[in-house]
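Chemist: pasting the sequence and the predicted coordinates here, then a few questions.
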Amino acid sequence: MKPGTIRPFVFFLLLLSGFTPVILKAQYFAPKNYPQQYFQWPVGAKVGIAANFGELRPNHYHMGLDCKTDQRVNLPVYAAAEGYIARVKIDANGFGRSITINHPNGLSTLYAHLNDFYPALQQYIVQQQYRLQQWDITINIPENMFPVKKGDFIAYSGNTGGSQGPHLHFEVRDTESDKVLNPLLFGFPIPDAIAPDILRLAVYDRRKSVYEQTPKIYPLKKTNGVYRTAAPVLVNTDLVSFAITAYDRYTGSTNQNGIYSAVLYQDDVAVCGFEMDSISYDETRYLNAHVDYKTRSGGGPWLEFVSRLPGYINGIYKGETGAWLNTDSLHQMRIVVSDANGNSSTLEFSVKANAVEGNNNAVDNDPVFKPGFINVFENNRVSFYLPERLVYDSFHFRYREINPGNNSTIFQLHNTTVPLHGYFPIKIKADFPVNDTGRIIMKRFAGSKEDYKKAVYENGWYKASFREFGNFQLLVDSIPPTVTPIGFKDGMNMSKAGRIRFAVSDNCEDIKKFTGLLDGNWILFSNDKSRVFIYDFEEHCEPGAHELVIIAEDLAGNKTEKKYRFTR
């Protein structure tokens with residue numbers, strides 16, 4: 001290699017929101033050929049978004065547009081184009097109540113956090129819920145059953161599922177691959193003449209794990225329309241990466257949305273970058289490899305890497321993953337950040353490698369976990385393995401046992417600054433007498449967060465699966481759930497009421513099953529938010545005297561059954 005040249009760079013982009021550049025898209029990424037104005041705005045409210053595609057969220061990318069609904073519920077939701085309703089899903093979490101429409105051009109649209117569906121569809125879904133005796137369902141619907149035309153009313157907007165406020169979550173998908181496409185590339189009437197804001201630059205020594213260093217942060221100053229560092233970037237390594245924090249805004253809004261793309265240039269040659277488009281739900285957890293997870297989990301800003309970590313498979317990135325510097329050579333760098341409408345901002349800085357330090361990555365005698373490998377840890381108390389695609393970058397695994405006295409041993413498996421891409425099985429041997437193996441729960445906790453899973457007995461070990469490191473402990477759970485009526489009591493006259501509600505709680509969080517029986521027959525209790533279960537009176541509850549039985553079951557199989565009498 002000639003003096004003064006640089007091998008391809010591995011650069012990490014720190015962006016507080018997530019999107020890649022459109023101006024560079026034509027130069028570095030393949031151009032898009034999505035139909036323009038094929039879809040209409042999907043909700044009867046002033047056109048506006050609270051969040052865009054690719055924004056950074058805990059453990060996932062935001063996978064669509066959050067369309068504003070004037071901070072209200074029950075606004076009309078419309079079919080964005082001709083097609084047929086292909087799927088309806090109802091869930092207490094995630095999308096709440098959602099509709100998917102397949103269109104004849106090979107695309108699908110999804111509408112989420114809905115309240116009731118339009119009457120014919122609502123009636124059909126309730127029939128299926130009663131047939132299956134289950135409220136939370138996924139129903140695939142035959143093509144000829146519910147055809148729609150562009151602009152047809154299909155549902156009312158709401159705030160169901162994991163929504164934090166009234167809005168419509170809207171997605172465009174490739175029907176065959178189920179990849180979610182960036183809706184802002186389809187010509188929706190959202191005015192945007194504002195270029196992204198770039199807040200900071202971060203620098204990493206890529207001879208070390210990103211989880212075992214603290215990046216050096218450089219503040220930026222905007223001069224003559226270009227963002228710059230106050231001085232050259234100096235490093236003591238010949239392998240570096242960069243990142244930025246950035247936001248995007250659209251005309252007339254103060255919301256800090258995600259950027260579309262970011263591309264790194266070395267001496268005017270594009271080296272690497274990412275573009276927020278065409279992401280599947282199998283890939284959305286790669287958000288944890290797209291950002292500096294360690295910095296964020298410690299209360300720091302979102303930092304988006306402009307090049308992929310070794311364990312990020314395919315996805316939004318293009319280009320090289322390593323950046324080599326010649327000692328004492330000054331190199332000119334440029335990062336161009338763009339939104340989906342083609343507005344772009346530029347960050348320019350120079351970088352120089354001084355004397356290269358040795359690799360001080362060793363941490364005691366702890367085992368090294370590596371991406372692309374099956375990583376195993378086991379002793380006579382605890383055992384687990386990580387499948388080969390769970391680790392994004394190498395790190396030294398830390399293990400510790402804690403004896404809390406009268407309770408069972410706590411096994412500390414590393415810490416939560418290192419993310420994992422999926423679930424891994426963990427086995428623990430009980431260190432207390434066990435009389436009922438069916439009541440054993442495995443608890444994972446870190447800080448204020450707790451997770452519980454039913455532990456399955458297997459040849460002297462108890463086994464469960466989790467997708468985060470932390471502290472693990474076996475517990476015996478013999479406490480049944482608590483069922484509390486809300487505004488209702490036994491023997492009450494409910495002739496002037498429209499519904500019955502119950503709050504359900506459990507010492508180990510999750511309720512496995514909730515059942516309501518009216519005069520011995522299953523009835524439809526909804527669970528759109530938290531742990532409140534609601535029965536809206538309908539034709540299955542005629543005027544007169546009734547007996548209502550409520551049964552709640554937790555993860556360990558503990559059950560609570562309560563009977564109430566009322567009249568209508």
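Modeler: It's in. Numbers count the residues shown, from 1 in each chain.
Chemist: going forward, measure contacts between C-alpha atoms and count neighbours the same way
Modeler: Fine.
Chemist: where exactly do the helices run in the stretch 51-200 of the chain?
Modeler: 119-132 (DSSP state H, counting those that start in this stretch).
Chemist: could you measure from the spatially most central residue of the chain over to residue 290?
Modeler: Of all residues in the chain, the one closest to the mean position by CA atoms, centre = their mean is residue 60, 2.7 Å from it. Residue 60 sits 10 Å away from residue 290, going by CA to CA, to the nearest Å.
Chemist: low-confidence ranges, the stretch 401-550 of the chain, go.
Modeler: 434-436 (pLDDT under 70).
Chemist: one more time with 80
Modeler: For the stretch 401-550 of the chain, applying pLDDT under 80 flags the ranges 405-407, 432-437, 509-510, 529-530.
Chemist: which residues pair with the residue nearest to the centre of the chain across the strands?
Modeler: residue 57 (DSSP bridges).
Chemist: tell me where the model's unsure across the protein.
Modeler: Residues of the chain meeting the criterion pLDDT under 80: 1-27, 314, 320-328, 355-364, 405-407, 432-437, 509-510, 529-530.
Chemist: walk me through the domains of this structure.
Modeler: According to automatic domain parsing, the chain comprises the domains 49-185, 197-353, 368-476, 482-567.
Chemist: okay, these in TSV with distance to residue 43 next?
Modeler: Putting the domains of the chain into TSV (distance: least, CA to CA, whole Å) gives the following:
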stretch	distance to residue 43
domain 49-185	4
domain 197-353	19
domain 368-476	35
domain 482-567	21
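Chemist: so residue 80 touches residue 44, yeah?
Modeler: No. Using CA atoms under 8 Å, residue 80 is not in contact with residue 44; the gap is 11.5 Å.
Chemist: please report the distance of residue 42 from residue 174.
Modeler: 18 Å.
Chemist: these two - which one has more neighbours?
Modeler: Between residue 42 and residue 174, residue 42 has the larger neighbour count (other CA atoms under 10 Å), namely 25 against 18.
Chemist: contacting residues around the more buried one?
Modeler: For residue 42, the contact set (CA atoms under 8 Å, 6 or more residues apart in numbering) comprises 77-80, 151, 170.
Chemist: which one of those residues is nearest to residue 234?
Modeler: residue 170 (44.4 Å; CA to CA).
Chemist: quick check: beta-bridge partners of that closest one?
Modeler: Residue 170 has these beta-bridge partners by DSSP bridges: residue 65, residue 111.
Chemist: now it: how far from residue 39?
Modeler: 11 Å.
Chemist: so between those two, which is more surrounded?
Modeler: More crowded of residue 170 and residue 39, by other CA under 10 Å: residue 170, with 25 against 19.
Chemist: can you give me the distance of that one to residue 288?
Modeler: 23 Å.
Chemist: helices and strands around the helix or strand containing residue 318, which ones?
Modeler: Using DSSP states H and E, residue 318 sits in strand 317-319. Strand 317-319 sits against strand 269-275, with contacts defined as 3 or more CA pairs under 8 Å, 6 or more residues apart in numbering; DSSP states H and E.
Chemist: how about the strand it packs on: buried residues?
Modeler: 270-275 (16 or more other CA atoms under 10 Å).
Chemist: repeat that for stretch 329-343.
Modeler: Within stretch 329-343, the residues that count as buried by 16+ other CA under 10 Å are 330-331, 333-343.
Chemist: ok, so of these, who is nearest residue 67?
Modeler: Among the buried residues of stretch 329-343, and counting by CA to CA, the member closest to residue 67 is residue 340, at 16.5 Å.
Chemist: what's the neighbour count on the closest residue to that closest one other than its chain neighbours?
Modeler: The shortest distance from residue 340 to any non-neighbouring residue, by CA to CA, 6 or more residues apart in numbering, is to residue 260 (5.4 Å). Applying other CA under 10 Å, we find 33 residues neighbouring residue 260.
Chemist: wait, residue 260 touches residue 338, no?
Modeler: Yes. If you go by CA under 8 Å, residue 260 and residue 338 touch, sitting 5.7 Å apart.
Chemist: how near is the spatially closest residue to residue 285 that is not a sequence neighbour to residue 283?
Modeler: Residue nearest to residue 285 in three dimensions, not counting chain neighbours: residue 60, with 4.7 Å by CA to CA, 6+ apart. As for residue 60, its distance to residue 283 is 9 Å (criterion: CA to CA).
Chemist: swap in residue 138?
Modeler: Taking CA to CA, one finds residue 138 at 21 Å from residue 283.
Chemist: ditto for residue 246
Modeler: Distance, residue 246 to residue 283, by CA to CA: 22 Å.
Chemist: in the contacts of residue 42, find the pair that's most separated.
Modeler: Taking CA to CA, no two of these sit farther apart than 151 and 170, at 14.7 Å.
Chemist: how close does residue 465 sit to residue 508?
Modeler: Separation of residue 465 from residue 508 (CA to CA): 16 Å.
Chemist: looking at these two, which one has more neighbours?
Modeler: Applying other CA under 10 Å to residue 465 and residue 508 shows that residue 508 carries more neighbours, namely 22 against 17.
Chemist: who touches that one in this structure?
Modeler: By CA under 8 Å, 6+ apart, the neighbours of residue 508 are 452, 477, 554-555.
Chemist: mind doing that once more with 7 Å?
Modeler: The contact partners of residue 508, by CA atoms under 7 Å, 6 or more residues apart in numbering, come to residue 452.
Chemist: in a strand, it, correct?
Modeler: No. According to DSSP: H, G, I helix; E, B strand; the rest coil, residue 508 belongs to no strand; its state is coil.
Chemist: ramachandran coordinates for it?
Modeler: phi -110, psi 40 (degrees, to the nearest 10).
Chemist: now residue 439
Modeler: phi -110, psi 20.
Chemist: before we move on, back to that, neighbour count winner among residue 246 and residue 283?
Modeler: residue 246 (29 against 18).
Chemist: which strands or helices does the helix or strand hosting the more buried one pack on?
Modeler: Here residue 246, judged by DSSP H and E, is contained in strand 240-247. In this structure, strand 240-247 makes packing contacts with strand 197-205, strand 304-305, judged by 3 or more CA pairs under 7 Å, 6 or more residues apart in numbering; DSSP states H and E.
Chemist: need the winner for burial among those.
Modeler: A comparison of the helices and strands packed on strand 240-247 by mean neighbour count, using mean count of other CA atoms under 10 Å, puts strand 304-305 on top with a mean of 30.
Chemist: off-centre distance for it?
Modeler: Chain-centre distance of strand 304-305: 16 Å, with CA atoms, centre = their mean, to the nearest Å.
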